[in-house]
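Undergrad: Quick one, structure for this:
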Amino acid sequence: MKKMVLGGLCAILLSAVSTLAQAETIRIANHGQAGIDAMKSTVERIEKKYGVTVEVIEYPAPDKDYLTKLLTELGAGNAPDLFSIPTTAAVADMVEAGYLAPVTKEFKAWDGYANLYDVAKELAVSPDGETYVMPFMLGIQEIYYRKDILEKAGISTQQPKSWRELLDRASEIKQKTGAYGLLFPAGVSWGSGAFDEGFQHLLVGSKTPQLVDADGKLDLSGEGIKDVFNVYKELIDKDLMPTQPLLGPEPWVVPKYQMFPAGKLVATTCGSWCYIFDWGRESKNPIPDVTEVVGTWTVPGQSSGQYVLANLAAPWAVNSKSANTELAIKALMEIGSIETQVSYAARIGNIPASKGAADNAEFQKLTELVPIHAAAENGVFLKQASGFGAVSEGVARATEALLRKETDAAGAQKILVDYVKETLGDDMVK
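TA: Predicted coordinates for the structure are as follows:
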């Protein structure tokens, strides 16, 4: 009997030691060298502060491949304790699937909470009222245009006040310079960017400014959605935006990294990162004096209004099946620090979600981003709901059909509606 008791105690002790060893390691999924480098000091801080080992697991770099890998691992129960989510559209679906641990209580008690921009706090709240992500960075997107080319051609650089003015400006650019006048990302190859970096810019200023109705259903039959597709159709039919590059792999490379610097494309949607990485000091094809010769317009509304679109830029979340959820949540709060925000701003070019970053000496050195940081105060956004991932894919497919001139605006809307209904079920779509 004594041997059995001792044996049982040893087994319990070994189990406890094993559990402790597991609890002392936090596994983090990251992708892309810039993101890994941006997290380096945070990883070191987490290890020192909590006496743990942080194992960084590198997933495939393109966002679409990364998300596919992450969802596969989550479904299999093998995902790391902490991970970033490359598109806000995926958050609600991941919540619905039960993959994310709620962090509402800890997030609101976190000492950095009060300092966040309101739009960041609002974007972090899921449809069920809970918070599951750390909204530490914002993607602030506008229309970027070649001020030097417009001025030389005698074309106005004033803020367009409506879609009609924007399209007329694009037409004038084509007529007077021969260059393409405006690019909105589109097509299947662009993936979630067709929605994140294109479609939603126009949607927020349309007759259908939100896609989620009061009962949480997706309203995809609104007139504004067809009107947005009509903007794409006019740009494509009148040859005002390059279409051929958008039908191939990596569709952003030619128009944004080659045509825009060369002046063959004069205006395009883009985010704060573009001043540094697409055309600035970290670009392989920089535009000299980029902040002087490249200006920004807010996205005009259909008939009036101006919109600065704000997204959560790769928010971080905790795996609901983490071996040590409490410790993982503590690490999540460290990721929200201003130090981490500034590190990401410097390496990736997104905007810190904390107002206090404006007082950070290292952030002040990022002179391209400082004015855009202040603009976050006026950011607008789309309310999220379960099924946004399907909407994003549906928009990519609908705009692909427009690029190939296989349909009109009404047909594009039908492609979107049919795809989302087929994917989610008729009862999820209004």
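
Undergrad: for the stretch 201-350 of the chain, what spans make up the strands?
TA: Per DSSP state E, counting those that start in this stretch, the stretch 201-350 of the chain carries strands over the ranges 267-271, 294-297, 299-300, 306-307, 309-312, 316-318.

Undergrad: So for E142, which of the ones you listed sits nearest?
TA: strand 294-297 (4.5 Å; C-beta to C-beta). (Each C-beta comes from the backbone N, C-alpha and C, glycine too.)

Undergrad: Pull the distance from that closest one to the chain's centre.
TA: Distance of strand 294-297 from the chain centroid (C-alpha atoms, centre = their mean, to the nearest Å) equals 20 Å.

Undergrad: Any chance you could give me it in PDB, C-alpha atoms only?
TA: Written as PDB, here are the backbone C-alpha positions of strand 294-297 (Å, rounded to 0.1, in the frame of the first residue of the first chain):
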ATOM      1  CA  VAL A 294       2.500  62.300 -53.400                       C
ATOM      2  CA  GLY A 295      -0.600  63.800 -51.800                       C
ATOM      3  CA  THR A 296      -3.700  62.300 -50.300                       C
ATOM      4  CA  TRP A 297      -7.400  62.700 -50.700                       C
END
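
Undergrad: Mind checking the pLDDT average for that strand?
TA: Mean pLDDT, strand 294-297: 94.

Undergrad: now swap in stretch 306-315 and tell me
TA: The pLDDT scores in stretch 306-315 average 88.

Undergrad: ok so, going back, right, and the strands of the stretch 201-350 of the chain - which one's nearest G75?
TA: Evaluated over the strands of the stretch 201-350 of the chain, closeness to G75 peaks at strand 316-318, with 15.4 Å, by C-beta to C-beta.

Undergrad: Quick one: list the elements packing against the closest one.
TA: Packing partners of strand 316-318 (3 or more C-beta pairs under 8 Å, 6 or more residues apart in numbering; DSSP states H and E): strand 82-84, strand 133-134, helix 325-335.

Undergrad: With mean neighbour count and distance to A357 added, can I get the strands of the stretch 201-350 of the chain in TSV?
TA: Below are these laid out as TSV (neighbours: other C-beta atoms under 10 Å; distance: least, C-beta to C-beta, whole Å):
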stretch	mean neighbour count	distance to A357
strand 267-271	25	17
strand 294-297	20	20
strand 299-300	23	24
strand 306-307	19	23
strand 309-312	26	15
strand 316-318	25	17
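
Undergrad: Any chance of CSV for these, columns distance to G178?
TA: Compiled in CSV, the strands of the stretch 201-350 of the chain are given as follows (distance: least, C-beta to C-beta, whole Å):
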stretch, distance to G178
strand 267-271, 14
strand 294-297, 19
strand 299-300, 25
strand 306-307, 29
strand 309-312, 30
strand 316-318, 45
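
Undergrad: So for M137, which of those strands sits nearest?
TA: M137 sits nearest to strand 309-312 of all the strands of the stretch 201-350 of the chain, at 7.3 Å, using C-beta to C-beta.

Undergrad: CA atoms only for the closest one, dumped as PDB, please.
TA: Presented in PDB, the C-alpha positions along strand 309-312 are these (Å, rounded to 0.1, in the frame of the first residue of the first chain):
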ATOM      1  CA  LEU A 309     -11.300  54.400 -43.500                       C
ATOM      2  CA  ALA A 310      -9.800  52.800 -40.400                       C
ATOM      3  CA  ASN A 311      -9.200  49.000 -40.000                       C
ATOM      4  CA  LEU A 312      -7.600  47.000 -37.300                       C
END
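
Undergrad: which residues sit against that strand?
TA: With C-beta atoms under 8 Å, 6 or more residues apart in numbering as the test, strand 309-312 has contacts from 88, 91, 119-120, 123-124, 133, 135, 137-142, 196, 200-201, 204, 299, 376, 379-381.

Undergrad: Narrow those residues to those in helices?
TA: Among those, the members falling in helices (DSSP state H) are V91, V119, A120, L123, A124, Q200, H201.

Undergrad: Tabulate those residues (JSON lines), appending pLDDT, distance to D426 and neighbour count.
TA: Conversion of the ones in helices among the contacts of strand 309-312 to JSON lines gives the following (pLDDT from 0 to 100; distance: C-beta to C-beta, whole Å; neighbours: other C-beta atoms under 10 Å):
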{"residue": "V91", "pLDDT": "92", "distance to D426": "24", "neighbour count": "25"}
{"residue": "V119", "pLDDT": "92", "distance to D426": "33", "neighbour count": "22"}
{"residue": "A120", "pLDDT": "94", "distance to D426": "35", "neighbour count": "27"}
{"residue": "L123", "pLDDT": "92", "distance to D426": "29", "neighbour count": "26"}
{"residue": "A124", "pLDDT": "94", "distance to D426": "30", "neighbour count": "23"}
{"residue": "Q200", "pLDDT": "93", "distance to D426": "24", "neighbour count": "25"}
{"residue": "H201", "pLDDT": "93", "distance to D426": "29", "neighbour count": "24"}
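
Undergrad: Tell me which two of those sit farthest apart.
TA: A124 and H201 (21.1 Å).

Undergrad: Excluding chain neighbours, give the residue nearest to A170 in space.
TA: Spatially, and ignoring its direct neighbours in sequence, A170 is nearest to G181 (2.9 Å; C-beta to C-beta, 6 or more residues apart in numbering).
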